[in-house]
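Participant: Pasting a predicted model and its sequence here:
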Amino acid sequence: MELTILTAILISGLATGAIYALAAEGLNLIWGVMRVVNLAHGELMMIGVFISYALWSVWGVNPLLAAIPAAAGLFVVGLGIERLFVRRVIGSPELISLLLTFGISIFITNIGVLTLGAEFKTIRFLDEPVSILGTALPLNQLVMAAAAIVLSLAMYVVLQRTRTGTAIRAVAIDRDMAQQVGIDTKKIFGRTFALGAALAGVAGALVTPLVAFNPLIGQTYILTAFAVVVLGGMGNFLGALIAGLLIGVVEAGVAYTVSVQASSGVVFLVIILTLLFRPTGILGARE
Amino acid sequence: MKRTRMVLAAVAAVAMLAACGAGSGSGKDGGDPIVFGGALPLTGWGSDAGQLNNRGYELWVKHVNEDGGILGRQVELKIYDDQSDPTTTARLYERLITQDQVDVLLAPWSDDMTMPATTVAEKYKKPMLTGGATLTDIWSRGYRYVSGLLPSSYDYVGVAVRLLEGKVSTGAVLNNDALYTTGFGDAAVENFEDLGISLTGREAYPGDTQNFAPAIAAVQGGGPELLVGASGGADDAIQIVRAAKIAGLSPQAMYFTIAVVEPDFVESLGADAEYALGTTEWEPSLTELPGFDRFVSDYEEEYGEAPVEDVATSYGLAQVLQASLEKAGELDDEKINDALRSMEMVTVFGTYKVDPETGMQTGKEIYVVQIQDGEREIVWPESDKTADLRFPMPAWSDR
Amino acid sequence: MITDLKLAARSLGRWGWLALGACVVVVAAFPHLANPYIVSFALSIGMYAALAGSWNLISGYAGYVSFGHVVFWGIGAYGAAVVMARTTLPWPVALVAGGLAALALALVVARPILRLSGVYFAIATLAIAEGMRVVISMTPLTGAGSGLSLRPVLSLHGSYYLMWGVVLACVATTYSLRFTTFGRSVVAIRENEVAAQSLGIDATRRKVQVLGLSSVFAGLAGAIYVLNVAFIDPGTGFDITITLTTIMVTMFGGIATVLGPVVGALAFQIPSELLWAQFPFVHKAALGALIVLIVLVLPRGILPALARARAWFARRRRGASVPGASVPGGIEGGEGQ
């Protein structure tokens, strides 16, 4: 294979993969800690996209900066959703949460279309070409990917080193035990969901200059997010990062060598193959 | 258990009674308005065109009623949103015909939505004049009740390609994988064959593609002199241009279907939109068309901008339907259909003339446009052009 | 098997058969009394009743909750569409082809995915549905991304009768489950698969059979749909909204109940229909809100809720505390009705 194609696959694959990873980490967190499958995760990302877009169109705020209000906004939204709805299904079979969050996702998507319209929008930010090893790539893709990786690692550090992070991990490992040692599990659940939502919001803000978007964009990312979580191992944060990057590269690989249409099937293939042959994910789930 | 069964039977009985009660609509007498009904993609991937088409219909209704209506009766509009989903379109037309019992059918938009809608119309023997649809298959199924306002995609794409005959010898095609854009892609390939332009690459991309770099890479290798993007709207064309610029793909000419006439194309791309070619069947510079002034000035007054092709398409379509009603003299589907198949006329949209056997449009003019200095200029045919073709397009690095 | 079925038939009793007969008469007479649009609406109710009944078998009774059920419907529709569009065979062949196509898919994927459980199984089915959509949209035989258009072959009435015929078959099958070893094994598997296996039940074989059975009903529903509407494309054929509506309908009516699918279809689709044409996006947003509501308030569905209410009233009338008749039902519980 030509070096330029290989470089394109690797770099653009890692770049898109970094975003996938960030988008999925919130889902992973919520699933691992609360055993809740958040099908509305794509819509949370969509809200982040539109916050970023609004800030760009009105005040010219660049998407990197917009990620901060996006995170804050989604944190609050996440708290709200958890308190009003998700809290009631914690402890129920995962399927119930799947259905509940599906309903929420449909609701948000359609309210989005009703209020924001369904036309596609684009913004231009840093779209000059950068040449790497003979391949030209858009600068914004690289910048956003770097930001995504930095944020993912920062999140990882938060989970490992801070008190809240440790409490979250404790609840994920053994809910009852965590309660017994004095951790307020209710508060942790709220924080976890809010944190997961915030991660989705940031992913949305970062993705804004890279694609054409409308309120339905959440539906494009949700299956990919699932693939990342499944491949990385449910609850395994680093696993999600690696899985996201891997999926990005494989998708790019198929798009460049086979066809663009075939690459949209990669995600489903990943899910099926992982579930069939290594259901705990490549790094193993944290059960 | 048996009580539940009885509850079920009762529910069914109630439903049945409700259904009979809600039965067929009342007959229409002479004083009632004539209802024109249709389904458009007011939301979804077709919403840009859908909204514009809707405006065209609304403006026409306003004008027709101002002029005294048709056959002495006022006109009413009934438009549903099919959300750019062909299955919904089919169901909505069933509803329009059987439940709402509209008098005249208005066209949906895009081949995807038009194909199933025409099947429904044919099933109920209700004449339909298609609007934003160009796939030859629509009129080659032997349907008797379907006629077309637009010429086939072969010509729609062909006029642009033919303009470049002798100027380019290689070409590549990218197409959105929807039905109508695949049709455009096929038409491009056919035209290439007929004109001796060799096809260096063709790639289809799903409608929700986020990253166009692989698609560009797939066609870049052959060094195509002409890049045809059978795009469905401005958004994918915009991304193709950007990806081409990043990748350094500089063909001598770029042609996009549909996108170039959308204001978003120039707004979002700015200087990168220069030299892009497109085809259209209507332009605001065609001031000689009948009813032009009123159409343009009233539209501008209402919406604050000049009308575009999609608006004129639906307005013209409604005018043709109006004429067919007047020729038929009454609301009789057979007579209206015969009129549609045999009439010839010129509307604010242009010439209307169909093949009486198939219903396919034969008389419509098509124009090739190019973005020059941020404006859309007609560069072909000679008789209507507002500027000369700028060829070749300079390389990205030289712009 | 035959003795089991005879037992099932006899268990209906005189009133049961009478009620059944009355329903059949109502359903049969309906098209002759209502206008075409209402009949087409009744057809779509029937389709969801069939889909819900089909989903109920694998998800409610077997306990393997499928989130990709539309794939069987879609493959059924495509199977029939390909026969009609690419050959000159008559429509009954297409109908059977649809059912067989769905069955074939089920048998191919059954063993691998039925090894998974719970939400992993659900996600796997979702992935299969998505994957089929991509595959179909790349295959020229099935019309690729644009889909297939057919000449309409089935009249509205014809489709209506066929569809409700499928519903009847599905309901009858579901009802008979309890009387057959097959059915009892399936429920046993849902309750405790390991224990069932230790009792000598070949769980894998039974699960595959249930999935196959379930897929046939869904496939036939899809085939009838396409023969009536005369158009199918990958977006419609594998639309997740169809799966979700199926699940909602079944939940609404009562999972793992015999009549739940039909009751749910009626109760869910009627208000839905009243809204969808006039307010398409409000309608969808309302659907989302309704799903949330149902999940939080009525997770087991109308029929079990009614039964619970009935039991509650009965307890009150009797005055003394009768050991609570908490009606088993739903995914976690035992067989309903």
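Facilitator: Okay, I see it. Quick caveat, the model's predicted, so the values are computed rather than measured.

Participant: my read is B:G201 is in a helix, agree?
Facilitator: No: judged by DSSP: H, G, I helix; E, B strand; the rest coil, B:G201 forms no part of a helix; its state is strand.

Participant: Could you tell me how far it is located from B:G166?
Facilitator: 22 Å (CB to CB, to the nearest Å). Placement of C-beta: from N, CA and C, glycine included.

Participant: With neighbour numbers in mind, choose between those two.
Facilitator: B:G201 (19 against 10; other CB atoms under 10 Å in any protein chain shown).

Participant: Restricting to C-alpha, output stretch A:248-255 in CSV.
Facilitator: Output of stretch A:248-255 as CSV, limited to C-alpha atoms (Å, rounded to 0.1, in the frame of the first residue of the first chain):
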residue,chain,number,x,y,z
GLY,A,248,-11.6,5.0,13.7
VAL,A,249,-8.6,3.5,12.0
VAL,A,250,-10.5,0.4,10.8
GLU,A,251,-13.3,2.6,9.4
ALA,A,252,-10.8,4.8,7.6
GLY,A,253,-9.0,1.7,6.3
VAL,A,254,-12.2,0.3,4.8
ALA,A,255,-13.2,3.6,3.4
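
Participant: That stretch close to chain C?
Facilitator: No: judged by CB under 8 Å from any CB of the partner chain, stretch A:248-255 and chain C are separated, with a smallest distance of 11.3 Å.

Participant: Could you pull up the mean pLDDT of that stretch?
Facilitator: Stretch A:248-255 carries an average pLDDT of 92.

Participant: next one: stretch B:48-68
Facilitator: 92.

Participant: Contacts (any at all) between chain A and it?
Facilitator: Yes: judged by CB under 8 Å from any CB, stretch B:48-68 comes into contact with chain A at B:D48.

Participant: for chain B, which residue is closest to the average position?
Facilitator: Taking CA atoms, centre = their mean, the centroid of chain B lies closest to B:G132, which sits 1.9 Å from it.

Participant: so what's it scoring on pLDDT?
Facilitator: With respect to pLDDT, B:G132 has a value of 87.

Participant: Wait, it touches B:A49, no?
Facilitator: Yes: taking contacts as CB atoms under 8 Å, B:G132 lies within contact range of B:A49: 6.1 Å.

Participant: so what sits against both of the two?
Facilitator: Common neighbours of B:G132 and B:A49 are listed as B:W109, B:S110, B:D310 (criterion: CB atoms under 8 Å, 6 or more residues apart in numbering or on different chains).

Participant: Could you confirm C:A256 falls within a strand?
Facilitator: No: judged by three-state DSSP, C:A256 forms no part of a strand; its state is coil.

Participant: So C:G219, which state does it fall into?
Facilitator: helix.

Participant: can you list the domains in chain B?
Facilitator: Domains of chain B are assigned by automatic domain parsing as B:34-151+B:287-353, B:154-280+B:367-398.

Participant: Arrange the ones you listed in a markdown table, one row each, with distance to chain C as further columns.
Facilitator: Shown next, in a markdown table, are the domains of chain B (distance: least, CB to the nearest CB, whole Å):
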| stretch | distance to chain C |
| --- | --- |
| domain B:34-151+B:287-353 | 4 |
| domain B:154-280+B:367-398 | 3 |
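
Participant: so who does the residue nearest to the residue nearest to the centre of chain B when sequence neighbours are not counted touch?
Facilitator: In space, and not counting its chain neighbours, B:G132 is closest to B:W109: 4.1 Å by CB to CB, 6 or more residues apart in numbering or on different chains. Applying CB under 8 Å, 6+ apart, we find B:W109 in contact with B:L40, B:P41, B:G46, B:A49, B:G50, B:N53, B:G131, B:G132, B:A133, B:D310.

Participant: Is it correct that the third one is in contact with B:D111?
Facilitator: No: in this structure, B:G46 is not within contact of B:D111 by CB under 8 Å, at 10.8 Å.

Participant: shaky segments in the chain?
Facilitator: The chain I'm using is chain A. A:1, A:284-287 (pLDDT under 70).

Participant: oops, I was thinking of chain C
Facilitator: C:277-278, C:280-281, C:300-303, C:319-337.

Participant: Give the next helix or strand downstream of the helix ranked longest in it.
Facilitator: Assignment by DSSP state H gives helix C:2-33 as the longest helix of chain C. Downstream of helix C:2-33, the next assigned helix or strand under DSSP states H and E is helix C:36-55.

Participant: Buried ones in that following helix, by neighbour count?
Facilitator: C:36-55 (16 or more other CB atoms under 10 Å in any protein chain shown).

Participant: what do you get for stretch A:214-230?
Facilitator: A:214-230.

Participant: and what of stretch A:256-264?
Facilitator: Neighbour count says stretch A:256-264 has A:Y256, A:S259, A:V260, A:Q261, A:A262, A:S263, A:S264 buried, by 16+ other CB under 10 Å.

Participant: if we take those, which one ends up nearest to C:V93?
Facilitator: A:Q261 (30.9 Å; CB to CB).

Participant: List phi and psi for the spatially closest residue to that closest one that is not a sequence neighbour.
Facilitator: Among residues not flanking A:Q261 along the chain, C:M138 sits closest, at 5.3 Å (CB to CB, 6+ apart). With angles defined as degrees, to the nearest 10, C:M138 shows backbone torsions of phi -110, psi 0.

Participant: Could I get the full set of strands for the chain?
Facilitator: Picking chain A for this. For chain A, the strands defined by DSSP state E cover A:129-132, A:135-138.

Participant: ah, I was thinking of chain B
Facilitator: Using DSSP E, strands in chain B cover B:34-40, B:75-81, B:104-105, B:128-130, B:146-148, B:170-176, B:198-205, B:226-230, B:253-256, B:276-280, B:344-347, B:350-353, B:367-372, B:375-380.

Participant: packing partners for the fifth one?
Facilitator: Counting contacts by 3 or more CB pairs under 8 Å, 6 or more residues apart in numbering or on different chains; DSSP states H and E, strand B:146-148 is packed against helix B:110-123, strand B:128-130, helix B:333-342.

Participant: Same question for the second one.
Facilitator: Here strand B:75-81 touches strand B:34-40, helix B:47-66, helix C:280-297, going by 3+ CB pairs under 8 Å, 6+ apart.

Participant: Make a ChimeraX selection of the buried ones in the contacts of B:W109.
Facilitator: Restricted to buried positions by 16+ other CB under 10 Å, the ChimeraX selection for the contacts of B:W109 reads:
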select /B:40,41,46,49,50,53,131,132,133,310
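
Participant: Save the contacts of B:W109 as JSON lines, and put in distance to A:I247 too.
Facilitator: Output for these, formatted as JSON lines (distance: CB to CB, whole Å):
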{"residue": "B:L40", "distance to A:I247": "38"}
{"residue": "B:P41", "distance to A:I247": "32"}
{"residue": "B:G46", "distance to A:I247": "31"}
{"residue": "B:A49", "distance to A:I247": "34"}
{"residue": "B:G50", "distance to A:I247": "35"}
{"residue": "B:N53", "distance to A:I247": "40"}
{"residue": "B:G131", "distance to A:I247": "42"}
{"residue": "B:G132", "distance to A:I247": "38"}
{"residue": "B:A133", "distance to A:I247": "38"}
{"residue": "B:D310", "distance to A:I247": "39"}
